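Trainee: Have a look; sequence and predicted model below, questions after that.
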Amino acid sequence: MRDRLERRDGTARLRSSLILTGRGACPMTCLMIKALIFDVDGTLAETEEGHRAAFNATFAAFGLTWFWDGDLYRVLHKVTGGKERMRHYAESIGVSRAQLPDDQIAEMHRRKNAYYSEHVRAGDCPLRPGVERLIRASRAAGLRLAICTTTSRVNVDELIAATLGANGLDLFEVVVAGEDAPVKKPAPDAYLDVLTALALRPAECLAFEDSRNGLLSAQAAQIATVVTPSRYTAHESFDGALMVLPDLDAFDLRAAGAAMEAAGR
Ligand code: XBP
Ligand code: MG
């Protein structure tokens, strides 16, 4: 459906798209939003306890005395990427690169992801409230969907299959994961890759994040961002977010579009 809208300066423009109300698709007018871009860990699901348990199981399997409790993990979580997080921790306790070379970190990371996959396959990482409704309703309404994450691609595949079914990934036109954009959030690289793959402008997209690093990354790519803080990010600052919500159950795309309009996007 198309509609004629007045700008504040009196000129008019035609816009077409669909609006999703709080509970479903409603073929009303007016958003410039053409794509929704989802972060994975913490945003689609509360996955970080699964990652943490998998890291700890890996440390034990490799004969290390390392153990990351919840308080430590809250600090380490700011380092995006599992390999980078392990390297950062090793350096913080005086373990050099010579003592723990990159290939061993990579081997530990593969094992960590294997443990994490078992956790996800067991159904221990359900989607957060409102996530599946938003994904399915927006896709059915013709919006384009993408994933933008610093986690490994295998973790994305496992989580989506376990929560949205074997064909769940087909809902997403673009997936940019940790291997695709090695310079990880808060750098904008992953979001810029998503924009390129979608061939859309930042103003035509809306990002969903749970962390300050994710917000900074999307902001650096000029993409308006809805933040739903998660277990390990609730204490962070989300200055500059389009909106901060407890979860996506209450999310309304029309309200987000209005907020983008008010912000001059
Ligand atoms: C969150 C992360 C990831 C995961 C671990 O990613 O920082 O590093 O904790 O994943 P996002 P890997 O919120 O962008 O999805 O071990 O596979 O790197
Ligand atoms: Mg996240």
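Mentor: Here it is on my side, so go on. Ligands and ions are numbered 1, 2, ... in the order given.

Trainee: hey, what's residue 208 bridged with?
Mentor: In this entry, residue 208 is beta-bridged to residue 38, residue 226, by DSSP bridges.

Trainee: Would you mind listing the residues in contact with it?
Mentor: 36-39, 43, 225-228, 248 (C-beta atoms under 8 Å, 6 or more residues apart in numbering). C-beta here means a position set from N, CA and C on the backbone, and glycine is covered the same way.

Trainee: ok, and which of these reach ligand 1?
Mentor: With C-beta under 6 Å from any ligand atom as the criterion, these include residue 39 near ligand 1.

Trainee: Run through the residues of the stretch 101-250 of the chain sitting next to ligand 1.
Mentor: By C-beta under 6 Å from any ligand atom, the residues of the stretch 101-250 of the chain that approach ligand 1 are 113, 149-152, 155, 178, 185, 214.

Trainee: quick revisit: so which of the contacts of residue 208 is the closest to residue 201?
Mentor: If you rank those by distance to residue 201 using C-beta to C-beta, residue 37 comes first, at 12.8 Å.

Trainee: list the contacts for that closest one?
Mentor: Contact analysis of residue 37 by C-beta under 8 Å, 6+ apart lists 145-148, 191, 194, 205-208, 218, 223.

Trainee: Equivalent analysis for residue 226, please.
Mentor: 206-209, 241-245, 248, 251, 256.

Trainee: Would you mind checking which of those residues is nearest to residue 107?
Mentor: For those, the nearest to residue 107 is residue 209 (30.3 Å; C-beta to C-beta).

Trainee: Report pLDDT for the closest one.
Mentor: pLDDT, residue 209: 98.

Trainee: For the contacts of residue 37, work out which two are farthest apart.
Mentor: Greatest spatial distance among the contacts of residue 37 (C-beta to C-beta): 145 and 218, at 15.3 Å.
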